[in-house]
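[1] When you get a sec, could you give me coordinates for this:
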Amino acid sequence: MKSTLNKTNDVNGTIVIELEKTDYQEKVDKSLNQFRQKANIPGFRQGKVPKSVIQKMYGKAVLVDEVNKIVTDELTHFIRENNLKILGEPISDDSEEKRVDLEKDEILKFYFDVALTPAFDLVLDKNTELTSYRVKLEADLLDKQMDAYKQNYGTYVSVEEAAKDTDLIKGTLTEVREGEVVENGQVIENAILMPSYLKDETVRNRFIGAKVGESVVFNPKTAYDNNEAEVASLLQTTKDKVADINSDFRFDIREVTRYQEATLNQELFDRVLGEGVVSTEEEFRNKVEAELSNQFKPDTDHLFIHEARDIIVEKMKEVQFPDAFLKRWLLESSEERTAGQVEEDYPKILEDLKFHIAKQKITEENELKVEYQDIEALAAEVAKAQFAQYGMTNLPADVLQNYTKSLLEKEESVQNLVERATEDKIIQWLKENVTVLEKEISSKDFNDLMHKHSHQHGEQHQDDTADDAVADESGTAGE
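    Model (predicted):
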């Protein structure tokens, strides 16, 4: 077996794989013998079918299968052994003059056209300027967050005052008929309701203004406008049993509780940030402001790397690419694409491809390696950020660890984390090697900027296409 790369130019070539009969005959004979052992053909005992019969029935199909396996393995091996950085995937040359005749050709030659990643210089130094945004929260946003914490971490406390519509009223519900307690009727000892949830205005107004020790008689079905789920909840039963209930009930009020916001004290500081992290309101506000600002980091990094992308693509405008091959590969790799669509989309795809291989170059030349601990740390950061969106900033360690573990158990999540971790290292390298222009911006203006940016650059499918077009370090793309 012999394999060679014949370069047409710096970015195009053909891999030629030559097979002699000795390269495949042993495997063909072995496969045919296995067919012979298993074949169940009328007139012959199993395992005793003549070789000539097996050869006639299965010979050509087995030959094609074994040769294809050898060629595929050799193609992958040749690319890896020679450290070929190819774009897309090899495309078999099936032109008539290069077709193989398995029965007549002494030497079988297979031709695969390949696109080679171009060699190029990429200068990114202090003469390169990139903008890094520092988001400043408006005072009212921080105040709103403070209010949210006070609201979220508040508690219900007992009051002696008359009940309001948003108070929780607790007591005993007793089934009555014409003012008298029904013998063997229903009694719910720990009933609870909130007037604002009652749909009937008349019933609702009976509870608003009521005090501990007073009683209110009402019909639950009327109160909740025949909503079976709500009636069942009040009577602590199931929906299927509600249909047979149409009695009045007396609610003997035992307690009225009112929601009271938390105060900005040490207890709240510890619940939000963790025990002992801060000890004063000023420290608390500063810490919360920093954490809120940090939530903008993924977006500020995105704008930073996107500006770097534009500069890099411009620097690579003269780099030669195998355009004809790539268009052919894009067309052949998807049944949904048309030649017209490829031509229309190609300029954007090429820009994304340039940036992708530029990132690979930066990563390789500067040995920016992603370790497993980088992925773990990023997974924990992602998990923490997801909970923070719902105001859950002080999670128990085991909850955060379990959620982080679940992210690391999903192949798709891990792949996304590896890509993000790699990009984070590229961003850090850029910030250390180019001139960074820091720009402070309000959170409102930054959100407007991100909205405009997302609207202009929302073609995610084209980014994915560029990723698919790049071979990994170990071989062809899509292995």
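[2] give me the number of residues near the residue nearest to E20 when sequence neighbours are not counted?
    Nearest residue to E20, sequence neighbours excluded (CB to CB, 6 or more residues apart in numbering): I107, at 5.8 Å. Any C-beta I mention is one placed from the backbone N, CA and C, and that applies to glycine too. Using other CB atoms under 10 Å, I107 has 11 other residues around it.
[3] Look up phi and psi at I107.
    Main-chain torsions, I107, degrees, to the nearest 10: phi -120, psi 120.
[4] what's the answer for E180, then?
    E180 adopts backbone torsions of phi -100, psi 150, taken as degrees, to the nearest 10.
[5] can you give me the strands in the stretch 101-250 of the chain?
    For the stretch 101-250 of the chain, the strands defined by DSSP state E, counting those that start in this stretch occupy 107-116, 129-136, 155-159, 168-177, 180-181, 187-193, 215-218, 248-260.
[6] Please identify which of those is closest to I91.
    Nearest to I91, of all these, is strand 107-116, at 4.8 Å by CB to CB.
[7] Direction included, what does the closest one pair against?
    Using DSSP bridges, strand 107-116 pairs in its sheet with strand 12-20 (antiparallel), strand 86-92 (antiparallel).
[8] Which residues are in contact with the residue nearest the centre of the chain?
    Compute the mean C-alpha point of the chain, and by CA atoms, centre = their mean the closest residue is S413, 5.9 Å away. Going by CB atoms under 8 Å, 6 or more residues apart in numbering, S413 touches 379, 407.
[9] That one: what secondary structure?
    helix (DSSP: H, G, I helix; E, B strand; the rest coil).
[10] how far away is it from A379?
    As judged by CB to CB, to the nearest Å, S413 and A379 stand 8 Å apart.
[11] elements contacting the helix of greatest length in the chain?
    The residue-count maximum for a helix in the chain (DSSP state H) belongs to helix 51-81. Here helix 51-81 touches strand 2-7, strand 12-20, helix 21-38, strand 86-92, strand 107-116, going by 3 or more CB pairs under 8 Å, 6 or more residues apart in numbering; DSSP states H and E.
[12] could you dump these to JSON lines with distance to R134?
    Shown next, in JSON lines, are the helices and strands packed on helix 51-81 (distance: least, CB to CB, whole Å):
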{"stretch": "strand 2-7", "distance to R134": "49"}
{"stretch": "strand 12-20", "distance to R134": "46"}
{"stretch": "helix 21-38", "distance to R134": "63"}
{"stretch": "strand 86-92", "distance to R134": "38"}
{"stretch": "strand 107-116", "distance to R134": "42"}
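[13] so how far is V16 from the residue nearest to E20?
    Distance of I107 to V16, computed by CB to CB: 11 Å.
[14] To R328, which of the helices and strands packed on helix 51-81 lies closest?
    Closest to R328 of the helices and strands packed on helix 51-81, according to CB to CB: strand 86-92, at 6.7 Å.
[15] model confidence over that closest one, on average?
    Here strand 86-92 scores 93 as its mean pLDDT.
[16] Just the buried positions in that strand, please.
    Neighbour counts over strand 86-92 (16 or more other CB atoms under 10 Å) mark 86-91 as buried.
[17] okay, the angle between that strand and helix 51-81?
    Calculated by axes from the mean of the first three to the mean of the last three CA atoms, to 10 degrees, strand 86-92 forms an angle of 160 degrees with helix 51-81.
[18] what's the neighbour count on the closest residue to Q151 other than its chain neighbours?
    Of all residues not flanking Q151 in the chain, E261 sits nearest, at 5.8 Å (CB to CB, 6+ apart). Burial of E261 is recorded as 14 neighbouring residues (other CB under 10 Å).
[19] start the count at 18, not 1, going forward
    Yes, from this point I'll number from 18; that puts the last item at E278.
[20] Looks like E278 contacts A165 (just checking).
    No. Shown here, E278 and A165 do not form a contact pair, counting by CB atoms under 8 Å, at 10.3 Å.
[21] okay, and the common contacts of those two?
    Common neighbours of E278 and A165 are not found (criterion: CB under 8 Å, 6+ apart).
[22] residues contacting the closest residue in space to S213 that isn't next to it in sequence?
    Closest residue in space to S213, ignoring its immediate chain neighbours: D182 at 4.3 Å, by CB to CB, 6+ apart. Contact partners of D182, counting by CB under 8 Å, 6+ apart, are 211-213, 221, 225.
[23] Now a ChimeraX select for only the buried ones of those.
    Typed into ChimeraX, the line below selects the buried ones among these, using 16+ other CB under 10 Å:
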select :211,212,221,225
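[24] Turn the contacts of D182 into TSV, columns for pLDDT.
    Shown next, in TSV, are these (pLDDT from 0 to 100):
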residue	pLDDT
M211	97
P212	97
S213	96
R221	97
I225	97
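[25] Just the ones of the contacts of D182 in helices?
    R221.
[26] The contacts of D182: which two are farthest apart?
    Taking CB to CB as the measure, the contacts of D182 span a maximum distance of 10.7 Å, between M211 and I225.
[27] Name the SS class of L385, please.
    coil.
[28] got the buried residues for the helix or strand E284 falls within?
    Taking DSSP states H and E as the definition, E284 sits inside helix 283-290. Under the neighbour-count criterion of 16+ other CB under 10 Å, helix 283-290 has 285-286, 289-290 buried.
[29] now the angle from the longest helix of the chain to helix 38-55?
    Between helix 68-98 and helix 38-55, the angle comes out at 130 degrees (the same axes, to 10 degrees).
[30] buried residues in helix 68-98?
    By neighbour count on 16+ other CB under 10 Å, the buried set for helix 68-98 is 71-72, 75-76, 79-80, 83-84, 87-88, 91-92, 95-96.
[31] cool, and stretch 178-195?
    Buried residues in stretch 178-195, counted by 16+ other CB under 10 Å: 180-181, 184-193.
[32] and which of those is nearest to P67?
    Distance ranking of the buried residues of stretch 178-195 against P67, using CB to CB, places L185 first at 89.8 Å.
[33] my guess is the closest one meets T172, correct?
    No. L185 lies out of contact with T172 (CB under 8 Å); the separation is 11.3 Å.
[34] Can you give me the neighbour number for R53?
    Considering only other CB under 10 Å, R53 is surrounded by 20 other residues.
[35] Next one: it from E123, what distance?
    27 Å.
[36] just T21 next, same as before
    Using CB to CB, T21 is found at 18 Å from E123.
[37] neighbour count winner among the two?
    The residue with more neighbours, out of T21 and E123, is T21; 11 against 6, by other CB under 10 Å.
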